[in-house]
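*Asks:* Have a look at this fold, sequence not included:
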């Protein structure tokens, strides 16, 4: 673990610990225990979201692409790494690029697809956050507390626009130059063949049909998360409709994305849901029970995902991986 990840993780744990200790831990745990078998519904409702995200990645993979079941597995592993391992929340995207390479896709098209998919997902989240804010202003809420949400959405929009512009106008030329040096230092020279990465990324941006298809699938994934949030709130005894669930989900996910440097968004996610729920007068204890339910969901789905990832790593055909990395072609 890098020092930066360790420091941000410790800060996040401290924030989460403070939030739970400052409220009523017994009430939080009691609410969670009362959810009972309803937790299984929350876990199950996460699966269609992952499938939609996997389908959003598919249009950006040039050449022969894996089937939807394989892409779903890769997305599942990606989410597991981001949720449970002490890495920044882009670590899972590195892993899914490696998994795609092991399936026979060249290093360049695999890296390009993951990079542009990440940008499309970020742009779709900004659209989701904008929808959430539009709905928020139509509902009774604590107006003064909503200012942070507007500011956070503006930051996310700037991040999405900046990331896409950087990709389009030369970020990966720098990656092409640095990749061989970094690979030699780490002793992984076979993974240094990134020549043509910039052209591969630009080629995807010149195909708006692929970009819009990816963005639409990712937006569908965000919207499916609203149903999961509504069910989770209901089984915790929180009276909230789909409109309130949409706002809470969009703003909670917004906070999580802005805390992308914190492993698992520990503390950031909890704080985001407390603030989002507070807009509708939902007490912190109920908001933290909801956040803890989401953590349980991540663990239940994530642990098998980590095991699947390590199993794939042990079973991967190393010669094929090296050949794909050198040629940069499927």
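*Replies:* Cool, got the structure. Everything numeric in this text was worked out from a predicted model, so none of it was measured.
*Asks:* CA atoms for contacts and neighbours, from now on please.
*Replies:* Will do.
*Asks:* so where do the helices sit in the protein?
*Replies:* 3-22, 25-35, 38-57, 68-84, 91-102, 107-136, 147-169, 171-186, 197-205, 208-235, 242-258, 268-278, 284-315, 318-327 (DSSP state H).
*Asks:* could I get the ones you listed as CSV with mean neighbour count and mean pLDDT?
*Replies:* CSV is the format used below for these (neighbours: other CA atoms under 10 Å; pLDDT from 0 to 100):
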stretch, mean neighbour count, mean pLDDT
helix 3-22, 16, 85
helix 25-35, 16, 92
helix 38-57, 20, 96
helix 68-84, 22, 95
helix 91-102, 22, 91
helix 107-136, 23, 93
helix 147-169, 16, 82
helix 171-186, 15, 63
helix 197-205, 19, 90
helix 208-235, 21, 96
helix 242-258, 23, 93
helix 268-278, 25, 91
helix 284-315, 19, 92
helix 318-327, 17, 41
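*Asks:* chain center to stretch 208-216: distance?
*Replies:* 18 Å (CA atoms, centre = their mean, to the nearest Å).
*Asks:* I meant stretch 242-261, not that one.
*Replies:* The chain centre lies 12 Å from the centre of stretch 242-261; the measure is CA atoms, centre = their mean.
*Asks:* residues in contact with it?
*Replies:* Contact with stretch 242-261 is made by 5, 8, 88-90, 125, 128-129, 132-133, 135-136, 149, 152-153, 156, 222-223, 225-227, 229-230, 233, 265, 268-269, 272-273, 276-277, 280, as judged by CA atoms under 8 Å, 6 or more residues apart in numbering.
*Asks:* What of stretch 302-309?
*Replies:* 76, 77, 79, 80, 81, 83, 84.
*Asks:* Kindly report the same for stretch 16-27.
*Replies:* Residues outside stretch 16-27 that contact it (CA under 8 Å, 6+ apart): 266, 267, 268, 270, 271, 284, 285, 288.
*Asks:* now do 6 Å
*Replies:* For stretch 16-27, contacts defined as CA atoms under 6 Å, 6 or more residues apart in numbering pick out residue 267.
*Asks:* Closest to residue 238 out of the contacts of stretch 302-309?
*Replies:* residue 83 (25.3 Å; CA to CA).
*Asks:* was I right about the closest one contacting residue 265?
*Replies:* No - using CA atoms under 6 Å, residue 83 is not in contact with residue 265, being 7.8 Å away.
*Asks:* Residue 51 and residue 75: what is the separation?
*Replies:* Using CA to CA, to the nearest Å, residue 51 is found at 8 Å from residue 75.
*Asks:* go on, residue 16?
*Replies:* Relative to residue 75, and taking CA to CA, residue 16 is found at 27 Å.
*Asks:* Contacts only, for residue 156.
*Replies:* If a contact means CA under 6 Å, 6+ apart, then residue 156 has no contacts.
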